[in-house]
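Student: Got a predicted structure here, sequence first:
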Amino acid sequence: MLANPGDGVRVDWAIPCRYVEVQQAGGATIVGAGADLATVQSTPAAVPVLFAVRLVGAPDEFDGKTPHELACRIYGPDGQQVGEQTARLTSQIDQRVPGYVAEILLPLGVVLDVQGVGTFGVEFSVDDHSLRVPIHVVTPV
């Protein structure tokens, strides 16, 4: 994907998974990708969910000096926001392919404070771009 300077950083994808390991040379090992269903015996419950998240942007966005606001927002089954965590991200990346986007792969974990079953939304955002991933919480049949 060609880089467009000035577009900022965006969340390219966020994959719920069972395990993720990011390699320093680029790439990641993701096990159990698509783990978007959690079964709880009863509620309330704390449900941990691991994500592999890819952020992309023009190489000048990752100069080691430019800060980016990274946020994770949790939405309950009713669509109301029930939690938020933010962090400031400043990273320096050596561009692998000139003219193309630079990327950061992150293993990010969240804990859903489940008061009842339903579909929760986990939204990752950086700068002005966001991506929401559904996580379904059920009880055994």
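Tutor: Looks like it came in fine.

Student: quick one: Gly116 and Val47 touch, right?
Tutor: No - Gly116 is not in contact with Val47 according to Cβ atoms under 8 Å; the separation is 11.9 Å. All C-beta spots, glycine's among them, are computed from the backbone N, C-alpha and C.

Student: between those two, who's got more neighbours?
Tutor: Shown here are Gly116 and Val47; by other Cβ atoms under 10 Å, Val47 has more neighbours (16 against 13).

Student: can you list the residues that contact stretch 107-119?
Tutor: For stretch 107-119, the surrounding residues in contact (Cβ atoms under 8 Å, 6 or more residues apart in numbering) are 14, 20-22, 28, 38, 40, 43-53, 72, 74, 76-78, 82-83, 85, 120, 122, 124, 134-139.

Student: in the protein, what spans have low per-residue confidence?
Tutor: 1-6, 95-96 (pLDDT under 70).

Student: Count the residues that sit near the nearest residue to Asp7 once chain neighbours are set aside.
Tutor: Using Cβ to Cβ, 6 or more residues apart in numbering and skipping the chain neighbours, the partner closest in space to Asp7 is Ala58 (6.4 Å). Here the number of neighbours of Ala58 (other Cβ under 10 Å) works out to 20.
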